[in-house]
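Enquirer: sequence first, predicted coordinates after that:
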Amino acid sequence: MSISRGTKTGVNYYQKKRFFLDLLRKKIPFWPRIALLLKNIVVIYFKICDNGISIEIKFLRVCVMNDYLQLAEILFNEELPTTQQLEALYPPRDLKDGAKVTRVAPSPTGYLHLGTLYVALCCKMTAGEDGVFYVRIEDTDKKREIDGGVKNIIDGLYYFGVTPDEGYTANGEQGKYGPYKQSQRGKIYRAFVKELVKKGLAYPCFCTEQDLAATREGQESRKERTGYYGKYAACRNLSLEQIKEKLDAGQPYVVRLRSGGDESRKITVEDLIKGKIEMPQNDEDFVILKSDGIPTYHFAHAVDDHLMRTTHVIRGDEWVSSLPKHIELFSALGFKAPKYAHIAPIMKLDNGNKRKISKRKDPEAAVSYFVSEGYPAQSVIEYLMTVASSEFEVWRRQNPTLKHADFKFNIKKMSVSGALFDHEKLDDVSKNVISKFDAETVTEAVLKWAKEYDKDFYEKISANTAFLKGIFSIDRGVKNPRKDLAKWRDAKDFTRYFYVAPGFSGLPEHIKPADAVKLLKEYIKIYTVRDSQSEWFEDLKTVCPAANYCPDTREYRQNPQNYNGSVGDFSTVVRICITGRQNSPDLYSIMKLIGTEESLNRIKNVIRILEEA
RNA sequence: GGCCCGAUGGUCAAGAGGCCUAAGACACCGCCCUUUCACGGCGGUAACACGAGUUCGAAUCUCGUUCGGGUCACCA
């Protein structure tokens, strides 16, 4: 991070320039101007005697200070810590060299957003073992705040294992850099605003909404850049008397930064993800303290991230455009700016156009969606990791058993533009995750999910959990497990035929119903539960000749013309009888699990249907 | 509209002037394995937005066009 004009002293380039311009433009009334000049002379004299450098710097401070000092006292007539005290209260962190301090700063306006989770994950991965990842609550907009908003967010973060080291945690506030809720940091913000006012870097503005709308309209009709800057900054040069008058009249006001920026000059920011970003300097006198005394995001960001000693500000890239404001703020406050990393948002396809995933339109925007669908937390995190880093998947294949946190995450390698949310990919990732779970884990998870999100299903499966576990034990725990389940909600359909006999939806075309009937009739005569799958299969083979089906698949493949079908086809018929589908886990296990009687009933039922047809 | 940013298959992406006849993953299709269903293995379809320039040589650097995204509040 760098700024095109360095600031070596307490007073920056903007201030110097502004003072001279104001002087030249005669914005300062006549007598004070003379007074200023007189004082000026003295200072200049001093400075020349001293060391002869930075004459104008000292003079600004001395001359205008009186009014500003008074203003500050009037505006902030309360006991406030000094900024020096605050600096001492929140000293630089004692961490290993190169350790990173990151944070996620959600506002409690609803549920946890997928984007917030994503950013939080990147923050936590960046902080790693040595660093600190903390949660700060940005509740500076009281209008949008909702009840339980903070809890929603923290619970969500914990559910997905993106647990903070500091700030808002499950155990309440933790850490020495708090409070971590902006609504509780009023004095801190006001202390810094006061300091700014003292330096002439901030001033009260009494413009009403209507005033602002009017200037905006004027600007628009003249095709000028809109905003509160330069000559449009109506309250910028109010005299102390004028301000007092309005204050006495009880007019509400905001505090604005007195910007020293020049729109024709550029700032350069080295973003960790996007690289070099060049933008015009900020020249807007934007609001730093709202009329309710609460700071805006911009101001809170500068103060909090400085005081909380954040080293890496990782946030959504919708913030890129306010970077000039933040840079100027850090400079005005005399803070060292943190490193920035702006993450591209997760997008959605909407009518062929990409757009940011939206709370209103997309169920996936709320992480609660993934919870209610029954995606294991780990699946969502794994998926988010694949989006965050293209190297993650390769690493995962090489290290199937390690935790995602062991992956060496490099935020610099993140994609510059937004990725489309890919449901199919999520399902694939999740199937892999679930396929590695053991039966016990799956059973418990499904039970837990169903209890919360599908009562009927829960009633059904909780009656006999051993049976349920039996279902999930089939083909599980082997070297290459099946991948039937992407989410717990899938379990309902997946387990359905274990509980109720399936409907009959027909045979594949190449199997003649008459043949099927012959085979099945023979089969029910001999069916009995066997001790092994191979014995079970032998039974199928034994029945085959009844309809001239070939018991040997290889032989059948070589001479299909000699047969009506193969033992493979017959097993499909049985599968359809038992499960109602052509695709299921190991049939032998299923039949064993549902029991001989039920198996025979299902087969008999299909025989009847086929004969009636 | 101003200001920023971006553009490689349907999707996510590797790619840093010659290793590019452009990797890998998802999806799709085919084959193999297999006692069925799967799992797995192998293979296939499919991309450098367009136009100039720089260069012996461009997916890669520059400019322009087009398209896409973000942002322009007393919201974060």
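Expert: Everything's here; your move.
Enquirer: flag every residue of the stretch 401-550 of chain A that's near RNA strand B.
Expert: Within the stretch 401-550 of chain A, the positions near RNA strand B by Cβ under 7 Å from any atom of the strand are A:413, A:415-420, A:422, A:424-425, A:428, A:475, A:480-484, A:533-534, A:537. Any C-beta I mention is one placed from the backbone N, CA and C, and that applies to glycine too.
Enquirer: so what's the residue count around residue A:146?
Expert: By other Cβ atoms under 10 Å, the residues close to residue A:146 number 11.
Enquirer: is it in contact with residue A:111, as I believe?
Expert: No. Look at residue A:146 against residue A:111 with Cβ atoms under 8 Å: they stay out of range, at 9.2 Å.
Enquirer: what's the burial count for the closest residue to residue A:262 other than its chain neighbours?
Expert: Computed as Cβ to Cβ, 6 or more residues apart in numbering, the closest residue to residue A:262 that is not its neighbour in sequence is residue A:281, at 5.4 Å. Neighbours of residue A:281 under the rule other Cβ under 10 Å: 21.
Enquirer: list the buried residues of stretch A:211-227.
Expert: Buried residues in stretch A:211-227, counting neighbours by 16 or more other Cβ atoms under 10 Å, are found at A:212, A:215, A:227.
Enquirer: cool, stretch A:147-161 as well?
Expert: Buried, per 16+ other Cβ under 10 Å, within stretch A:147-161: A:149, A:150, A:152, A:153, A:154, A:155, A:156, A:157, A:159, A:160.
Enquirer: narrow those to those in helices?
Expert: A:149, A:150, A:152, A:153, A:154, A:155, A:156, A:157, A:159 (DSSP state H).
Enquirer: hmm, stretch A:317-324 touching RNA strand B?
Expert: Yes. Looking at stretch A:317-324 against RNA strand B by Cβ under 7 Å from any atom of the strand, the contacts come from A:317, A:318, A:319, A:320, A:321, A:322.
Enquirer: brain fart, stretch A:357-374
Expert: No. On the criterion Cβ under 7 Å from any atom of the strand, stretch A:357-374 is out of touch with RNA strand B, staying 8.3 Å away.
Enquirer: please, which helix or strand holds the most centrally placed residue in chain A?
Expert: In chain A, the residue lying closest to the centroid (Cα atoms, centre = their mean) is residue A:116, at 2.1 Å. Here residue A:116, judged by DSSP states H and E, is contained in helix A:114-127.
Enquirer: in its sheet, what does whichever helix or strand comes after that helix sit against?
Expert: Following helix A:114-127 in sequence order, the next helix or strand is strand A:132-135 (DSSP H and E). Strand A:132-135 pairs in its sheet with strand A:101-104 (parallel), strand A:166-169 (parallel), by DSSP bridges.
Enquirer: so can I have CSV of the ones you listed showing distance to residue A:80?
Expert: Shown next, in CSV, are these (distance: least, Cβ to Cβ, whole Å):
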stretch, distance to residue A:80
strand A:101-104, 25
strand A:166-169, 24
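Enquirer: return the subset of the buried residues of stretch A:211-227 lying in helices.
Expert: Those of the buried residues of stretch A:211-227 lying in helices (DSSP H): A:212, A:215.
Enquirer: filter the buried residues of stretch A:211-227 down to the ones close to RNA strand B.
Expert: Within the buried residues of stretch A:211-227, those near RNA strand B by Cβ under 7 Å from any atom of the strand are A:212, A:227.
Enquirer: what about the closest residue to RNA strand B within the stretch 401-550 of chain A, how many neighbours?
Expert: Taking Cβ to the nearest atom of the strand, RNA strand B has its nearest neighbour within the stretch 401-550 of chain A at residue A:480, 2.5 Å off. Close neighbours of residue A:480, defined as other Cβ under 10 Å, add up to 7.
Enquirer: grab the nearest non-local neighbour of residue A:410.
Expert: residue A:389 (7.4 Å).
Enquirer: residues touching the one you found, list them.
Expert: Residue A:389 is in contact with A:407, A:409, A:410, A:413, A:414, counting by Cβ atoms under 8 Å, 6 or more residues apart in numbering.
Enquirer: in three-state terms, label the closest residue to the first one other than its chain neighbours for me.
Expert: In space, residue A:407 comes closest to residue A:395 once its chain neighbours are excluded; the distance is 5.4 Å by Cβ to Cβ, 6+ apart. What DSSP: H, G, I helix; E, B strand; the rest coil gives for residue A:395 is helix.
Enquirer: quick check, pLDDT for residue A:395.
Expert: Looking at residue A:395, its pLDDT stands at 90.
Enquirer: same deal with the one 4 residues further on?
Expert: At residue A:399 the predicted local confidence, pLDDT, stands at 88.
Enquirer: for it, which non-adjacent residue is closest in space?
Expert: residue A:406 (7.2 Å).
Enquirer: look at that neighbour and say how many residues are nearby.
Expert: Neighbour tally, residue A:406, other Cβ under 10 Å: 12.
Enquirer: try residue A:503
Expert: When neighbours are counted by other Cβ under 10 Å, residue A:503 registers 9.
Enquirer: check contacts around it.
Expert: Applying Cβ under 8 Å, 6+ apart, the residues near residue A:503 are residue A:580.
Enquirer: then residue A:368?
Expert: Counting by Cβ under 8 Å, 6+ apart, residue A:368 touches A:111, A:112, A:156.
Enquirer: how near is the closest residue to the second one other than its chain neighbours to residue A:319?
Expert: I take that to be residue A:112. Spatial nearest neighbour of residue A:112, chain neighbours left out: residue A:156 (3.2 Å); criterion: Cβ to Cβ, 6+ apart. From residue A:156 over to residue A:319 the distance is 21 Å, taken as Cβ to Cβ, to the nearest Å.
Enquirer: before we move on, what about residue A:542?
Expert: According to Cβ to Cβ, residue A:542 stands 72 Å off from residue A:319.
Enquirer: phi and psi next, for the nearest residue to residue A:468 once chain neighbours are set aside.
Expert: Counting by Cβ to Cβ, 6+ apart, residue A:468 lies nearest to residue A:461, which is 4.9 Å off, once chain neighbours are set aside. Main-chain torsions, residue A:461, degrees, to the nearest 10: phi -80, psi -30.
Enquirer: ok, residue A:461 to residue A:448 distance?
Expert: As defined by Cβ to Cβ, residue A:461 lies at a distance of 11 Å from residue A:448.
Enquirer: and the two? which has more neighbours close in?
Expert: Set side by side, residue A:461 and residue A:448 show more neighbours around residue A:461, with 23 against 13, by other Cβ under 10 Å.
Enquirer: isn't the more buried one up against residue A:444?
Expert: No. Shown here, residue A:461 and residue A:444 do not form a contact pair, counting by Cβ under 8 Å, at 11.4 Å.
Enquirer: and the residue of the stretch 51-200 of chain A nearest RNA strand B?
Expert: For the stretch 51-200 of chain A, Cβ to the nearest atom of the strand, closest residue to RNA strand B: residue A:138, 3.0 Å.
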